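1. Pasting the sequence and the predicted model now:
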Amino acid sequence: MPDTLEVPREPGRPTPRRKSRDAGAPKPASEAEVTDAEAPSGPPPPPARRERSAGGLSRRGMYTRTAVLLAVAVVFGGLGVFFKLQHDEVASATSNTALVDVAATAEVKQAMSSAAERLFSIDYNDLGKTEQAANELLAGDEVRQKYDALMGEVRKLAPEQKIVVTVKATRSGVILLDGDRAKVMVYIDQTATRTDKNQSSAGGAAMWFNTEKRDGQWKVVDMDTYSSGAPTPAPSSAPEQPNGGN
C-alpha cells in the first residue's frame with residue numbers, strides 16, 4: 001500500500017487575546033463595610049494639640065517682639081516729625097538770612113550760647129551774678145516769668161543745700177535770622193552739685209531762644225527747653241539726719 005502523503009498545513013493565524021475589564025472594587029453592601037474600608041490599618045496618629053500649643057507660644061513671642069520694635073519705631077518716628085517740622089518752619093521763611101549773613105549768624109550764635117551759660121549757671125556763694133544776668137539779658141515780663149518758673153526753686157534751695165549748677169554750651173545753630181530778630185537753638189551740658197552732701201548729677205538739654213537786637217545787644221524775648229536728663233536738685237523736704245548727722 002503506497003505511503004500517504006501529508007499535505008503541510010498553513011500556519012494558523014494568532015487568535016487575539018481578550019482584554020480583561022477592570023470591574024473595580026466591589027461596591028460595599030452596607031455602611032459598616034464603608035467604615036471598615038476607609039479606616040487606616042496602622043495605629044492612630046498622635047494628637048496635634050501640643051504642636052498647636054507650641055506654635056501658639058511661638059506666635060505670641062513673635063507678636064511681643066514686633067510690638068516692642070513698633071514702640072521703638074514710634075519713639076524715633078516722633079523725633080523725626082519734630083525735627084521735620086522745625087526744618088519746614090525754617091524753609092518757609094523766605095527772609096531767613098542765617099546762611100547768607102555769616103557775620104550776623106556768628107554774632108547771634110555767640111550771644112545766645114553765652115546767655116544760656118549765664119542765665120542757667122548758679123552758685124550759692126554768688127546768687128547776685130545770676131540775677132544780674134537775668135536783668136541784663138531778658139526783655140519783657142513774659143520771658144521773665146518763664147525764666148523764674150525754671151530757676152525760682154533752684155535759687156530758693158541754693159543757699160540751704162549749697163547748690164552749684166554749671167552750664168556749658170556745647171554747640172548752637174541759628175534757625176532763623178531776619179534783620180534784628182533771630183531764633184537760636186543751643187545744646188547745653190549741665191552739672192549740678194549739692195556741696196553739703198557731696199552729691200552731683202549731670203544731664204543735657206536743648207534750649208530755644210527767640211532773640212531781638214536792642215540797643216546793639218541781643219536780648220532774649222522768649223525761650224523754651226527740651227530736656228534729655230537734665231539734673232534736678234534734691235527737694236527741700238528731704239529728711240535731714242538727726243543731730244546734724246552725728
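-> Looks like it came in fine. Residues are numbered from 1 along each chain as shown.

2. helices or strands next to the one helix or strand Ala192 maps to in the packing?
-> Using DSSP states H and E, the element containing Ala192 is strand 181-194. Applying 3 or more CB pairs under 8 Å, 6 or more residues apart in numbering; DSSP states H and E, one finds that strand 181-194 makes contact with helix 102-120, strand 163-178, strand 199-214. (Each C-beta comes from the backbone N, C-alpha and C, glycine too.)

3. Mind checking the ones you listed for the one nearest to Leu127?
-> With CB to CB as the criterion, Leu127 lies closest to strand 163-178 of the helices and strands packed on strand 181-194, at 10.1 Å.

4. what about the closest one, average pLDDT?
-> Averaged over strand 163-178, pLDDT sits at 95.

5. and that strand, which residues are buried?
-> Neighbour-count burial for strand 163-178, counted by 16 or more other CB atoms under 10 Å, picks out Ile163, Val164, Val165, Val167, Ala169, Ser172, Val174, Ile175, Leu176, Leu177.

6. Direction included, what does it pair against?
-> strand 122-123 (antiparallel), strand 181-194 (antiparallel) (DSSP bridges).

7. Would you mind giving the helices and strands packed on strand 181-194 as JSON lines with distance to Glu142 added?
-> Formatted as JSON lines, the helices and strands packed on strand 181-194 follow (distance: least, CB to CB, whole Å):
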{"stretch": "helix 102-120", "distance to Glu142": "15"}
{"stretch": "strand 163-178", "distance to Glu142": "19"}
{"stretch": "strand 199-214", "distance to Glu142": "11"}
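
8. To Asn135, which of those lies closest?
-> helix 102-120 (10.7 Å).

9. Thr105 and Lys219, how far apart?
-> Counting by CB to CB, to the nearest Å, the gap from Thr105 to Lys219 is 17 Å.

10. Quickly list the domain ranges of this structure.
-> 52-92, 102-234 (automatic domain parsing).

11. Highest mean neighbour count across the ones you listed, which stretch is it?
-> Of all the domains of the chain, domain 102-234 has the most neighbours on average by mean count of other CB atoms under 10 Å, namely a mean of 16.

12. Looking at the helices and strands packed on strand 181-194, spot the one closest to Asp148.
-> Between those, helix 102-120 lies closest to Asp148; by CB to CB that is 11.2 Å.
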